[in-house]
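Asker: structure for the following, please:
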Amino acid sequence: MAVEKSGLHTSLAITLALCCGFSVATVYYNQTMLPLMGLTFGVSAAHVGQIAMLTQLGYALGLLLFVPLGDRVTRRSLVLGMLSLNFCSLIASASAPSYEWLLLASVVLGLSAVSAQIIIPAATALALPEQRGSTLGMMVSGLSAGGLLARAVSGGISTWLGWRGMFLAAAGLNVLLFIAIALRMPATKPSSNLPYLELMRSMWALVRDHPTLRRSSLTGGLLFGALNVFWGSMASLLAQSPYGYSSGQAGLFGLSAIVGIVAASSLGRLAQHYGLRLSYLGSGAVLLTFIALYFCGALGAWWLILMCATALDIGNRANQLANQARILALAPEAVSRLNTVFMVTYFTGGALGSALGASAAALYGWPGLAAVGGMFAVAGLLSIGRGRAL
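Answerer: This next block holds a predicted model:
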């Protein structure tokens, strides 16, 4: 498909934003279904969090291995390849005969769910200079909506069709995404002829040469880890007394993402003006939320859990935008690789938060979840302070 000189058309931008959202959603579908999967295979709540952890570790590995190739090969072909592999991993997850098989499929699922991070730089490159800000905002909004509303969708569908049915539905959706990308995404020329190994080495050089990249990536990863302490364990805790909620009911708490999605553009503008101060505010909001959960999580007040989910989302989003804006300004000629470093660290932190949060929640309930989440938030605040001093 050819792109007209007028830049990126609105219809194409919307299509690509939807593809961003639905492709990243596959990373998050399993979070509200963990109790159901644990029951199927007789796995305790303390261990079933391994599914979410390995999915996110796979995603971090996919970011590292595949996203830099967007500068080296045709991005449309790369996205189609990732969607095909993701389809196979969803089918493997849906048909998993054992817990070990599901863990392996979860790694491949995360590994292949990186299409959005390939589409985003492609969309901004297609846009005219005056379109790039709004285009980036649209892509990030689609990404955020898909990642966070996936929990509500999976909770509802798994209640009706089971967790295997949810994975099959996601596989069917991948077929539609494949068709949309094949028909609508332009086949642009690669922007670099660096061999693959040199592309990889150049990222390590960026990490070595830019302390801000190291610090901001660490802060982003720690706060996303805190967010996943909550989301990786919330469904299991809500299934217990005094709540007794089903996976579908727990998934509805994902609708708290709507507030953060609406606020995303405003937070992006604030990040440009306030930088580190916005990161402090976001991290502080996350810490205060976990303090509230420590004392009040077991009271049975659903509205309090909803408010905490909303506060965690907004706090993490503010921190992410503040740090990502700093990183992307470091070397404009290496934006994709800078973003790869940030996102790999980001999702590695998320995977660690999912694993530690699930164990703490299984042993100590809401206070355990809150204590671990609070420690991630404190570590994030300290990393910002360290960055300011250097």
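Asker: does Gly225 really touch Phe376, like I thought?
Answerer: Yes: using CB atoms under 8 Å, Gly225 is in contact with Phe376, at 4.7 Å. Using the backbone N, CA and C atoms, a C-beta is placed for each residue, glycine as well.
Asker: those two: which is more packed in?
Answerer: Under the neighbour definition other CB atoms under 10 Å, Gly225 and Phe376 were set side by side, and Gly225 has more, 31 against 27.
Asker: got the contact list for the closest residue to the more buried one other than its chain neighbours?
Answerer: Computed as CB to CB, 6 or more residues apart in numbering, the closest residue to Gly225 that is not its neighbour in sequence is Gly353, at 3.2 Å. The contact partners of Gly353, by CB atoms under 8 Å, 6 or more residues apart in numbering, come to Phe224, Gly225, Ala226, Leu227, Asn228, Val229, Gly232, Val372, Gly373, Phe376.
Asker: looking at those, state which has the most neighbours.
Answerer: The most crowded member of the contacts of Gly353, judged by other CB under 10 Å, is Val229 (35 neighbours).
Asker: any idea which element it lies in?
Answerer: Counting by DSSP states H and E, the element that carries Val229 is helix 211-231.
Asker: which elements pack onto that helix?
Answerer: Helices and strands touching helix 211-231, by 3 or more CB pairs under 8 Å, 6 or more residues apart in numbering; DSSP states H and E, are helix 196-209, helix 276-296, helix 302-328, helix 335-389.
Asker: can you give me the offset of the next helix-or-strand element following it from its chain's centre?
Answerer: Heading C-terminal from helix 211-231, the first helix or strand you meet, by DSSP H and E, is helix 234-238. Computed by CA atoms, centre = their mean, to the nearest Å, the chain-centroid distance of helix 234-238 equals 20 Å.
Asker: tell me the helix or strand right after helix 234-238.
Answerer: Assigned by DSSP H and E, the successor of helix 234-238 is helix 247-251.
Asker: and the contacts of that next one?
Answerer: Outside helix 247-251, the residues touching it (CB under 8 Å, 6+ apart) are 32-33, 35-36, 151-156, 158-160, 234-235, 238-239.
Asker: if we can go back for a sec, would you turn the contacts of Gly353 into a markdown table with pLDDT and distance to Cys296?
Answerer: Shown next, in a markdown table, are these (pLDDT from 0 to 100; distance: CB to CB, whole Å):
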| residue | pLDDT | distance to Cys296 |
| --- | --- | --- |
| Phe224 | 93 | 24 |
| Gly225 | 94 | 22 |
| Ala226 | 95 | 17 |
| Leu227 | 93 | 19 |
| Asn228 | 91 | 21 |
| Val229 | 94 | 16 |
| Gly232 | 82 | 20 |
| Val372 | 96 | 17 |
| Gly373 | 96 | 14 |
| Phe376 | 97 | 19 |
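Asker: can I get these in CSV including distance to Phe347?
Answerer: CSV is the format used below for the contacts of Gly353 (distance: CB to CB, whole Å):
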residue, distance to Phe347
Phe224, 7
Gly225, 10
Ala226, 14
Leu227, 11
Asn228, 9
Val229, 14
Gly232, 13
Val372, 18
Gly373, 17
Phe376, 14
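Asker: which members of these are the farthest-apart pair?
Answerer: Greatest spatial distance among those (CB to CB): Phe224 and Val372, at 13.9 Å.
Asker: I'd assumed Leu39 was in contact with Tyr99.
Answerer: No: using CB under 8 Å, Tyr99 makes no contact with Leu39, being 11.4 Å away.
Asker: compare these two (neighbour count), which wins?
Answerer: Neighbour tally, Tyr99 and Leu39, criterion other CB under 10 Å: the higher count belongs to Tyr99, 18 against 12.
Asker: what score does the nearest residue to that one once chain neighbours are set aside have for pLDDT?
Answerer: For Tyr99, ignoring the flanking residues on the chain, the nearest one in space by CB to CB, 6+ apart is Phe41 at 4.0 Å. Per-residue confidence for Phe41 comes out at a pLDDT of 93.
Asker: pLDDT on stretch 9-24, on average?
Answerer: 89.
Asker: give me the contacts around it.
Answerer: 3, 79, 82-83, 86, 113-116, 119-120, 122-123, 126-127, 135, 138-139, 141-147, 149-150, 173, 177, 180-181, 184-185.
Asker: run the last query once more with 7 Å
Answerer: For stretch 9-24, the surrounding residues in contact (CB atoms under 7 Å, 6 or more residues apart in numbering) are 113, 115-116, 119-120, 123, 135, 138-139, 141-143, 145-147, 173, 177, 180-181, 184-185.
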